[in-house]
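In: Here is my input, please return the structure:
(2 chains)
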Amino acid sequence: GAGVSQSPSNKVTEKGKDVELRCDPISGHTALYWYRQSLGQGLEFLIYFQGNSAPDKSGLPSDRFSAERTGGSVSTLTIQRTQQEDSAVYLCASGDRDFGGELFFGEGSRLTVL
Amino acid sequence: KQEVTQIPAALSVPEGENLVLNCSFTDSAIYNLQWFRQDPGKGLTSLLLIQSSQREQTSGRLNASLDKSSGRSTLYIAASQPGDSATYLCAVASYGGATNKLIFGTGTLLAVQP
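Out: Now for the predicted structure:
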């Protein structure tokens, strides 16, 4: 597709379960970001992948959160042992430059932890 | 640490009015600044990207200005329409530190009344 694709669009899970969220960036984009947007809050940076360099994981809120990017394309954000405070919209963005380029966002994955 | 603030938090105007949204940032060592709009339940749509060497960018009825020295950007919307109703977010790409993440403001919720 032409844009950033995220799946699932909605996920409802029980507290303590693991979830995986997927992001397909725009083809050829080297930069990929994950952000989290909680109800009524701004966007919170989680992790940034740039080309073949080590990712910037400085925004991950706890060791329950991890992300990988395979083959420089698709990325998966994994949340282990989910908690109710993990409920949020998880947004993925990609850019055509390692830094400073225009970012294009997906529609997000809305996670609800019961 | 870069902090981004947007004023006002919410704005309601009648259709046809020109309006200005404000974004301020604390660290002037920025690489670029990007304005986005977000419709309810949707991802972010890029509106304008201003590089640090630029003073303004225009797209249709939108004009964004950047004054790095004062740490300010404005988004001017001419002849507002009900379809402009959305949350408008500014985001700053900063130099320095170990991160290349965008720092987002908390947004301005705009309602254009028909």
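In: For the rest of this, base every contact and every neighbour count on C-alpha atoms.
Out: OK.
In: what about the chain, any weak spots by pLDDT?
Out: By default, I'm working from chain A. Across chain A, the ranges flagged by pLDDT under 70 are A:1, A:98-100.
In: To clarify, I was referring to chain B.
Out: B:95-100.
In: Around chain A, which positions in it sit nearby?
Out: B:31-32, B:34, B:42-46, B:49, B:93, B:98-107 (C-alpha under 8 Å from any C-alpha of the partner chain).
In: Weed out the non-buried ones from those residues.
Out: Among the residues of chain B next to chain A, those classed as buried by 16 or more other C-alpha atoms under 10 Å in any protein chain shown are B:31-32, B:34, B:43-46, B:49, B:93, B:99-107.
In: show me what contacts the nearest residue to B:Gly71 once chain neighbours are set aside?
Out: Nearest non-adjacent residue to B:Gly71, counting by C-alpha to C-alpha, 6 or more residues apart in numbering or on different chains: B:Phe25, 5.0 Å away. B:Phe25 makes contact with B:2-5, B:71-72, B:92 under the criterion C-alpha atoms under 8 Å, 6 or more residues apart in numbering or on different chains.
In: Kindly recompute the last result at 10 Å.
Out: Shown in contact with B:Phe25 (C-alpha atoms under 10 Å, 6 or more residues apart in numbering or on different chains): B:2-6, B:33, B:68, B:70-73, B:90-92, B:103-105.
In: beta partners of the residue nearest the centre of chain A?
Out: Nearest to the geometric centre of chain A sits A:Trp34, at 3.3 Å (C-alpha atoms, centre = their mean). Beta-bridge pairing of A:Trp34, defined through DSSP bridges, involves A:Ile47, A:Cys92.
In: Run a quick neighbour tally on the closest residue to A:Thr13 other than its chain neighbours.
Out: Leaving aside its chain neighbours, A:Thr13 sits nearest to A:Val113 (5.1 Å; criterion: C-alpha to C-alpha, 6+ apart). For A:Val113, the neighbour count with other C-alpha atoms under 10 Å in any protein chain shown is 17.
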